[in-house]
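*Asks:* what follows is a protein structure lacking sequence information:
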C-alpha cells in the first residue's frame, strides 16, 4: 500500500519540525508533534481499518480533526467527511449510506488524547460499494440526502496547488480557520495546506460573532477564507470591528457575493 501523499508530506514535516505550531488559538497551540502523536494513538484504536474500508470523521475545527483524518488515512481507509452539526443518529445514517462502517467523532476541538474520541459502528447491509477513493466529500443536503463525492489525495493536492497559486497563499501565512474543515471549501483551503505544507491555522476558541476578527488581530492572521453571509452580516453591524491590518487577503466562496 502506498502511503497517502498528504500524510507522507505531514510526516516528513513532523519529523523535521516537530515543535513548529500547526494549529493556534488565543489560548493554546498544537505542534506538528502533538498532531502526529494524537493521530498515531487514534490509528491504534481503529483496528482493522485499511484499504476498502471507510470511516466517517465528525469533529469540530481543530487539531482533533487533523489527527482523525491522518489516523484514518495511515492504514489506507477512506475518510467520509461528516458535518459536526449533524446529530449522532443522522451522522451514522449518512455514514452508512456512503459506505462507512463506523464514525470517529469528537466533541472537542483540542482533545487531550485518543480517549476523547468515540468510535460508533454504523449499521450496514453490505450493499454499499467498496470505496476506491481516499476521501468522500458530502454535499449540503439542502435538496435531499447529502450525496458523496469521492476524490483521491492527488485530486486534493492538485486543487491545493491551484488555490494557493491563484489566491497567493504563502508558506508563511496564518490562515483564519472558520470555514468547517468537513466542508469541501474548508478541506481544500485549510486542511490540505496545513497537512501537506505546514501552513498554520488559527482556530478561534472563544465564542462570539466577531471573535474570528479579534483572534486574527491578536495573532496576526494574514488570510481569511469566509462566506458571503458572514461578510454581509459584518457590514450591516452599526459599529463592526475593523479588518485586522495583518490580513492581506479575504477569500469569499460558497455562494455569490453581493
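*Replies:* Structure's in. What do you need? Note that the structure is a prediction, hence the values are computed from the model and not measured.
*Asks:* quick check: residue 80 is in a strand.
*Replies:* Yes - counting by DSSP: H, G, I helix; E, B strand; the rest coil, residue 80 falls inside a strand.
*Asks:* so it sits right up against residue 57, yeah?
*Replies:* Yes - under the criterion of Cβ atoms under 8 Å, residue 80 makes contact with residue 57 at 6.9 Å. Every C-beta, even on glycine, is put in place using the N, C-alpha and C of the backbone.
*Asks:* the strands in the stretch 101-250 of the chain, which residues?
*Replies:* 102-105, 118-121, 135-138, 148-151, 174-176, 200-202, 223-226, 249-252 (DSSP state E, counting those that start in this stretch).
*Asks:* run through who's touching the fifth one.
*Replies:* Where contact means Cβ atoms under 8 Å, 6 or more residues apart in numbering, the residues beyond strand 174-176 that reach it are 24, 169, 189-190, 193-194, 199-202, 204, 212, 215-216, 219-226, 247.
*Asks:* drop anything exposed from these.
*Replies:* Neighbour counting with 16 or more other Cβ atoms under 10 Å marks 24, 169, 189-190, 193-194, 199-202, 204, 212, 215-216, 219, 221-226, 247 as buried within the contacts of strand 174-176.
*Asks:* return the residues in contact with the closest residue to residue 220 other than its chain neighbours.
*Replies:* Leaving aside its sequence neighbours, residue 220 sits nearest to residue 246 (Cβ to Cβ, 6 or more residues apart in numbering; 4.3 Å). With contact set as Cβ under 8 Å, 6+ apart, residue 246 has these partners: 216-217, 220-222.
*Asks:* how about 7 Å then?
*Replies:* 216, 220-222 (Cβ atoms under 7 Å, 6 or more residues apart in numbering).
*Asks:* which of those residues sit farthest apart?
*Replies:* Using Cβ to Cβ, the two most remote members of the contacts of residue 246 are 216 and 222, lying 8.6 Å apart.
*Asks:* any common contacting residues for those two?
*Replies:* Looking at what touches both residue 216 and residue 222 (by Cβ under 7 Å, 6+ apart), the common residues are 246-247.
*Asks:* how about residue 202: which residues does it bridge to?
*Replies:* Counting by DSSP bridges, residue 202 forms beta bridges with residue 24, residue 176.
*Asks:* so what touches stretch 84-101?
*Replies:* 53-56, 58-60, 80, 82, 103, 105, 120-124, 128-129, 131, 136, 138, 146, 148, 180, 182.
*Asks:* from these, keep the buried residues only.
*Replies:* Buried, going by 16+ other Cβ under 10 Å: 53-56, 58-60, 80, 82, 103, 105, 122, 128, 131, 136, 138, 146, 148, 180, 182, out of those.
*Asks:* so how far is residue 59 from residue 139?
*Replies:* 19 Å (Cβ to Cβ, to the nearest Å).
*Asks:* residue 157 touches residue 8, doesn't it?
*Replies:* No - taking contacts as Cβ atoms under 7 Å, residue 157 lies outside contact range of residue 8: 10.9 Å.
*Asks:* neighbour-wise, which of the two wins?
*Replies:* It is residue 157, of residue 157 and residue 8, that has more neighbours when counted by other Cβ atoms under 10 Å, with 18 against 14.
*Asks:* quick check: pLDDT value at that one.
*Replies:* pLDDT, residue 157: 97.
*Asks:* then the one 4 residues further on?
*Replies:* At residue 161 the predicted local confidence, pLDDT, stands at 96.
*Asks:* before we move on, what about residue 237?
*Replies:* Reported pLDDT for residue 237: 88.
*Asks:* hang on, the earlier thing: reformat the strands of the stretch 101-250 of the chain as CSV; add mean pLDDT and distance to residue 64.
*Replies:* Shown next, in CSV, are the strands of the stretch 101-250 of the chain (pLDDT from 0 to 100; distance: least, Cβ to Cβ, whole Å):
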stretch, mean pLDDT, distance to residue 64
strand 102-105, 94, 10
strand 118-121, 91, 12
strand 135-138, 92, 17
strand 148-151, 91, 22
strand 174-176, 98, 17
strand 200-202, 98, 12
strand 223-226, 96, 20
strand 249-252, 95, 24
